[in-house]
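In: just coords:
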């Protein structure tokens with residue numbers, strides 16, 4: 001099994017087919033979108049492929065170590081993650097092809113008008129430690 005991260009982006013990816021921003025959806029459309037993702041995760045829990053997933057709140061702060069005895073530095077001159085990443089899901093699947101299949105299915109979550117968003121999701125494998133040699 002290999003773990004993959006499915007990232008839902010606010011921007012940076014090619015534009016989705018149904019590209020109406022969520023803050024312009026009706027409450028019913030938001031509810032349907034969230035239910036689709038919850039049902040998707042529940043189905044993957046049954047197959048053992050779901051690890052975790054979360055939606056992210058819009059607020060956040062960048063933090064960086066600034067040297068011994070100095071307080072951490074916050075914020076900076078770079079893109080805010082809160083403007084880029086809407087949420088994520090971690091899956092644990094047998095093959096890359098299965099990860100692509102599931103990402104495609106999650107991309108079809110409904111949006112405005114109840115139509116599938118067909119949003120682009122970023123699919124990234126988890127980095128694994130190299131195998132160690134024992135004698």
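Out: On my side now, so go ahead. Because the structure is a prediction, the values reported are computed rather than measured. Residues are numbered from 1 along each chain as shown.

In: low-confidence stretches in the chain?
Out: Low-confidence segments of the chain (pLDDT under 70): 10-13, 74-84, 131, 135.

In: what segments of it are helices?
Out: Under the criterion DSSP state H, the chain contains helices at 27-47, 81-84, 96-106.

In: point out the most buried one among those helices.
Out: helix 96-106 (a mean of 16; mean count of other CB atoms under 10 Å). Glycine gets a C-beta too; all of them are placed from N, C-alpha and C.

In: before we move on, back to that, closest to residue 60 out of the helices of the chain?
Out: For the helices of the chain, proximity to residue 60 was assessed by CB to CB; helix 81-84 is nearest, at 4.2 Å.

In: picking up where we left off before, closest to residue 68 out of the helices of the chain?
Out: Once the helices of the chain are compared by CB to CB, helix 81-84 is nearest, at 26.6 Å.

In: just send the helices of the chain back as CSV, with distance to residue 128 too.
Out: Formatted as CSV, those follow (distance: least, CB to CB, whole Å):
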stretch, distance to residue 128
helix 27-47, 21
helix 81-84, 24
helix 96-106, 14
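
In: quick one, what contacts the closest residue to residue 24 other than its chain neighbours?
Out: In space, and not counting its chain neighbours, residue 24 is closest to residue 112: 6.9 Å by CB to CB, 6 or more residues apart in numbering. By CB atoms under 8 Å, 6 or more residues apart in numbering, the contact set of residue 112 is 18, 20, 24-25, 29.

In: determine which two of the residues you listed are furthest apart.
Out: Across the contacts of residue 112, the longest distance by CB to CB is 11.5 Å; it joins 18 and 24.

In: neighbours of residue 53, just the number please.
Out: Close neighbours of residue 53, defined as other CB atoms under 10 Å, add up to 19.

In: beta partners of it?
Out: residue 89 (DSSP bridges).
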